[in-house]
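[1] need a structure here:
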Amino acid sequence: MSITDPKVAGSRTVDRTEAADAPKRATALPPLGHDESNGTHAVSFRHTIGDRDLTLIQISCDFVCVCIALPLSLLVLSRLSPASVNSSGKLLTNMEVDSLFPVAVVLALALGGVYRVAHRRLQPSAFLELRELSFCVGCGCVLALAIGEFLHSTFGTVEPNATQLVMAVIVTIGVITVGHVVMRFFLRTLTTTRVLVVGSGTTADRIMLSVRQEPALTLVGRAVDGDMVDAGAIGRVNDLPELCRQLRIHRILVAASEHSSPESLDIYRRLQNSVHIAIVPRYYELISWRSRLTDLSGTPLLEIAQPHLSAWDKFSKRAFDLCVSVAVLIAVSPVFLVVAIGVKLSSPGPVFFRQVRLGRSAEPFPVTKFRSMTMDAESTPVGEVSLERDDSDLPLHELHKKKGETGRITHFGAFLRRTGLDEIPQFINVFKGDMSIVGPRPLVPNESSVEGWATRRFEVRPGITGLWQVSGRNDLTRRDLVQLDHLYVASWSLWWDLKIIFETPMTMIRGTGAY
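    Numbering: from 1, shown residues only. Reported below is the predicted structural model:
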């Protein structure tokens, strides 16, 4: 029996006795360099950071943020409250009285387990932390009041002011959220987490694509859970302890596999103390953020959330769309005018590009965008593309020949596409009721031949942004697109819409999946 040499994937085979040398061959990969066979990207100037250091950085960041928020909240309260005790002239006195607040908030965050799980999050989100952050800061306020009352009754110190601390809670939540965004920006720039993927097939490919797109992660390579080391892999599960040691792996992402064995389970158990391990469960297509982990006599069960979109859900989503679209159209009207002038000056032709898409209930409607291509290119008919074709595992940019359009896109149009500004006129579609702020990707009719469970995408209006937008856009495959659209509809909530909106600007700035 033979296996493929990971250093020269696909070029020759070696005897199975050489499999033991896989970890040694893996060391030939530059520790922080670029390896074309597995898609690792170069980050030679970035360092790694341990769990303890990350925890200390986050505690320090939170403490500094609360110390900034406290005087800021007192200044805000002095403007809002006529009470003399809250006046700006007593700022230093009030800061001294409320000085327990920063310590109490950090202590509440620690007791709430925020710092214990911070290093386990693969892709931290300041938005998702808002709920637990709000709860812990509120608990910190109660703790500061309780300690202050105890000191007041026991030692006669000044009694804390509840109104001041409540205002401090509101301001602190905002300041810490901004602080986390800034902290993670610098951490992504200066540090990296080295990731090894275990598995093969489309699931492993999807994981590796997501890792490559995340600035805070470095894809070191891929191992296989089996006896054969296929093309592009650097070893097997049995090699993981040595690979993790020599390649300084911080995190292992395990794709669902049919080849799991007791030996593999033992290896993962041994690695738990030194490496963070995350596992993609089987049937992950059914699992969403609304799924909940439970147990039956010690056996863990992942409960699949039932899809629901009630009349109230539809009403709240439409009301949200109307309010946001009106606000955005008013706010960006100057930008709207500037972009329109830029499009007009970039090449002859109209300012807007209109194309028929399918909306809710598969009803056609004209979508409006700023024109980004020359007139002869815009008039070229789109080739027939079906979501049921055999090449559904190809990236969308290859199916739509996005790279071939480069010569037909105007310079100003390339800027619009990269930043997403070409989609601003779609807020008019949202206001009219053809589209939503967040929803499935609006497909042209010849891309919409879906059947069965995939048709649920037509139960809601397509969106300007969506789960597909923040998950890779044109780097996704059609199979990924259909699965993400179904997952969004089956697991909809207004909170999830807000999270997607929160993540969209950063995706636009990075230009992820933009062509």
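[2] residues of the helix or strand containing A69 that come out buried?
    A69 belongs to helix 51-80 when assigned by DSSP states H and E. Buried positions in helix 51-80, judged by neighbour count with 16 or more other C-beta atoms under 10 Å: 54-55, 57-59, 61-63, 65-74, 76-78. Backbone N, C-alpha and C define where each C-beta goes, glycine included.
[3] which strands or helices does the next helix-or-strand element following that helix pack on?
    Read in the C-terminal direction, the helix or strand following helix 51-80 is helix 91-97, with elements assigned using DSSP H and E. Contacts defined by 3 or more C-beta pairs under 8 Å, 6 or more residues apart in numbering; DSSP states H and E place helix 91-97 against helix 51-80.
[4] which residues in the chain form strands?
    In the chain, the segments counted as strands under DSSP state E are 2-4, 13-15, 193-198, 217-224, 235-236, 251-254, 276-279, 292-296, 299-303, 352-358, 364-370, 436-438, 463-465.
[5] most packed of those?
    Comparing the strands of the chain by mean neighbour count (mean count of other C-beta atoms under 10 Å), strand 436-438 comes out on top with a mean of 27.
[6] can you tell me what sits against it?
    Among residues not part of strand 436-438, those counted as contacts by C-beta atoms under 8 Å, 6 or more residues apart in numbering are 317-318, 320-321, 324-325, 430, 460-466, 497, 500-501.
[7] same thing but 7 Å
    By C-beta atoms under 7 Å, 6 or more residues apart in numbering, the list of residues contacting strand 436-438 from outside reads 317, 321, 324, 430, 460-466, 497, 500-501.
[8] now do the contacts for the closest residue to G463 other than its chain neighbours.
    On the basis of C-beta to C-beta, 6 or more residues apart in numbering, the spatially nearest residue to G463 that is not a chain neighbour turns out to be G439, at 2.9 Å. For G439, the contacting residues are 460-463, 466, taking C-beta under 7 Å, 6+ apart as the criterion.
[9] now with 10 Å, please.
    If a contact means C-beta atoms under 10 Å, 6 or more residues apart in numbering, then G439 has 317, 321, 359-360, 430, 457, 460-468, 485, 488-489, 492, 497, 500 as its contacts.
[10] measure it to S200 for me?
    Using C-beta to C-beta, to the nearest Å, we find G439 at a distance of 33 Å from S200.
[11] do the same with I59
    As defined by C-beta to C-beta, I59 lies at a distance of 40 Å from S200.
[12] mind putting the contacts of strand 436-438 into JSON lines with distance to R212 and pLDDT?
    Putting those into JSON lines (distance: C-beta to C-beta, whole Å; pLDDT from 0 to 100) gives the following:
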{"residue": "K317", "distance to R212": "33", "pLDDT": "93"}
{"residue": "D321", "distance to R212": "33", "pLDDT": "96"}
{"residue": "V324", "distance to R212": "32", "pLDDT": "94"}
{"residue": "V430", "distance to R212": "32", "pLDDT": "96"}
{"residue": "V460", "distance to R212": "30", "pLDDT": "91"}
{"residue": "R461", "distance to R212": "31", "pLDDT": "94"}
{"residue": "P462", "distance to R212": "27", "pLDDT": "94"}
{"residue": "G463", "distance to R212": "25", "pLDDT": "94"}
{"residue": "I464", "distance to R212": "25", "pLDDT": "93"}
{"residue": "T465", "distance to R212": "21", "pLDDT": "92"}
{"residue": "G466", "distance to R212": "21", "pLDDT": "91"}
{"residue": "D497", "distance to R212": "27", "pLDDT": "91"}
{"residue": "I500", "distance to R212": "21", "pLDDT": "91"}
{"residue": "I501", "distance to R212": "24", "pLDDT": "92"}
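[13] just the closest of these to N446, please.
    Distance ranking of those against N446, using C-beta to C-beta, places P462 first at 15.6 Å.
[14] was I right to think that closest one contacts L443?
    Yes: in terms of C-beta atoms under 10 Å, P462 counts as a neighbour of L443; the distance is 7.5 Å.
[15] ok, back up a step: how far off centre is the helix holding A69?
    The offset between the C-alpha centroid of helix 51-80 and the centroid of the whole chain comes to 25 Å, using C-alpha atoms, centre = their mean, to the nearest Å.
[16] re earlier: in CSV: the strands of the chain, plus distance to G138.
    Rendered in CSV, the data for the strands of the chain read as follows (distance: least, C-beta to C-beta, whole Å):
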stretch, distance to G138
strand 2-4, 56
strand 13-15, 61
strand 193-198, 31
strand 217-224, 33
strand 235-236, 48
strand 251-254, 32
strand 276-279, 30
strand 292-296, 24
strand 299-303, 29
strand 352-358, 44
strand 364-370, 44
strand 436-438, 29
strand 463-465, 31
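[17] of all the ones you listed, which lies closest to W453?
    Of all these, it is strand 352-358 that lies closest to W453, at 17.2 Å by C-beta to C-beta.
[18] who touches that closest one?
    In this structure, residues lying in contact with strand 352-358 by C-beta under 10 Å, 6+ apart are 340, 343, 363-373, 375, 378, 382, 413, 422, 425, 428-429, 434-435, 440-445, 447-448, 457-458, 462.
[19] stretch 311-321 now?
    By C-beta under 10 Å, 6+ apart, the list of residues contacting stretch 311-321 reads 309-310, 360, 427, 430-431, 433, 435-439, 459-461, 463-464, 492-494, 497-498, 501.
[20] only alpha carbons, please: show it as CSV.
    Output in CSV follows, covering the C-alpha atoms of stretch 311-321 (Å, rounded to 0.1, in the frame of the first residue of the first chain):
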residue,chain,number,x,y,z
ALA,A,311,-46.8,36.8,11.1
TRP,A,312,-45.2,38.9,13.9
ASP,A,313,-41.7,38.0,12.6
LYS,A,314,-42.7,39.1,9.0
PHE,A,315,-44.2,42.3,10.4
SER,A,316,-41.2,43.2,12.5
LYS,A,317,-38.8,42.4,9.6
ARG,A,318,-40.7,44.6,7.2
ALA,A,319,-41.0,47.4,9.7
PHE,A,320,-37.3,47.2,10.4
ASP,A,321,-36.6,47.3,6.6
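[21] which parts of it are buried?
    By neighbour count on 16+ other C-beta under 10 Å, the buried set for stretch 311-321 is 317, 320-321.
[22] in the stretch 51-200 of the chain, where is pLDDT below threshold?
    Counting by pLDDT under 70, the low-confidence segments of the stretch 51-200 of the chain come to 118-119.
[23] quick revisit: in helices only, show me the buried residues of stretch 311-321.
    317, 320-321 (DSSP state H).
[24] from Q426, how far out is the nearest residue to S471 once chain neighbours are set aside?
    By the measure of C-beta to C-beta, 6+ apart, the closest residue to S471 outside its immediate chain neighbours is L484, 6.0 Å from it. From L484 across to Q426, the span is 19 Å (C-beta to C-beta).
[25] next: A126.
    The gap separating A126 from Q426 is 26 Å, by C-beta to C-beta.
[26] and L100, by the same measure?
    When distance is defined by C-beta to C-beta, L100 is 50 Å away from Q426.
[27] what about these two, which has more around it?
    Comparing L100 with Q426 by neighbour count (other C-beta atoms under 10 Å), the higher total belongs to Q426, at 22 against 19.
[28] wait, that one sits on K369?
    Yes: at 6.7 Å, Q426 and K369 qualify as touching, with contact defined as C-beta under 10 Å.
[29] only the buried residues of stretch 466-483, if you could.
    Within stretch 466-483, the residues that qualify as buried are 466-478, 480-483, counting by 16+ other C-beta under 10 Å.
[30] so of the residues you listed, which ones are in helices?
    Assigned to helices by DSSP H, the following of those qualify: 478, 480-483.
[31] pipe those into TSV and attach pLDDT and distance to D230 per row.
    Conversion of those to TSV gives the following (pLDDT from 0 to 100; distance: C-beta to C-beta, whole Å):
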residue	pLDDT	distance to D230
R478	81	24
D480	83	22
L481	85	26
V482	85	27
Q483	86	24
